[in-house]
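1. Generate a structure from the sequence data that follows.
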Amino acid sequence: MGQFKFVVWLAHWYLQQESFIFEWDQGNSTKNQSKHGVSTTDVEGVFKLRLAVALGVQISPIVNEERVCVVGPSFDGRLLSIVFTLRSGRVRPISARLASKKERELYEKVRKTIERI
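-> Down below sits the predicted model:
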């Protein structure tokens, strides 16, 4: 699992988008379903529901293309962790899986803070 550093621009980008356009490649459109039970509809739902929390930019392991991560509920209520890149404004998912315990705890902490504002 990668490590992420919070960046304000990602949270701002996520909250300001009117809609999201997805770019799926052949491998990623089926890999997450077979490996983690997460479909493309589940991934897109996390963005469409607008309840995700931006974890940040991946800092480890180092990769050639900037990767970012959000954690949020899918349409069926499962809390998912989604790592993706942004290409010309499009969301290109790299991996999607159930959120870890640490990610679930962070998500709940941030959502409670947001609700108090």
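
2. Could you use CA atoms for every contact and neighbour count after this?
-> Fine.

3. Return the residues in contact with E66.
-> Contact analysis of E66 by CA atoms under 8 Å, 6 or more residues apart in numbering lists 57-58, 85.

4. now the protein, which segments are flagged as low pLDDT?
-> 1 (pLDDT under 70).

5. mind redoing it with 80?
-> Within the chain, the stretches with pLDDT under 80 are 1-2, 26-29, 117.

6. What ranges does it have for its strands?
-> 3-5, 53-60, 68-73, 79-87, 90-98 (DSSP state E).

7. Which of those strands sits closest to Q17?
-> Comparison of the strands of the chain against Q17 by CA to CA identifies strand 90-98 as nearest, at 11.0 Å.

8. which residues make contact with that closest one from outside it?
-> With CA under 8 Å, 6+ apart, strand 90-98 has contacts from 20-24, 28, 32, 36-38, 43, 78-86.

9. What residues sit buried inside that strand?
-> 91-98 (16 or more other CA atoms under 10 Å).

10. just stretch 7-16 next, same as before
-> 10-11, 14.

11. neighbouring contacts of that stretch?
-> So stretch 7-16 is in contact with 50, 53-57, 68, going by CA under 8 Å, 6+ apart.

12. still on that earlier bit, tabulate the contacts of E66 (TSV), appending neighbour count.
-> Shown next, in TSV, are these (neighbours: other CA atoms under 10 Å):
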residue	neighbour count
V57	22
Q58	20
T85	18
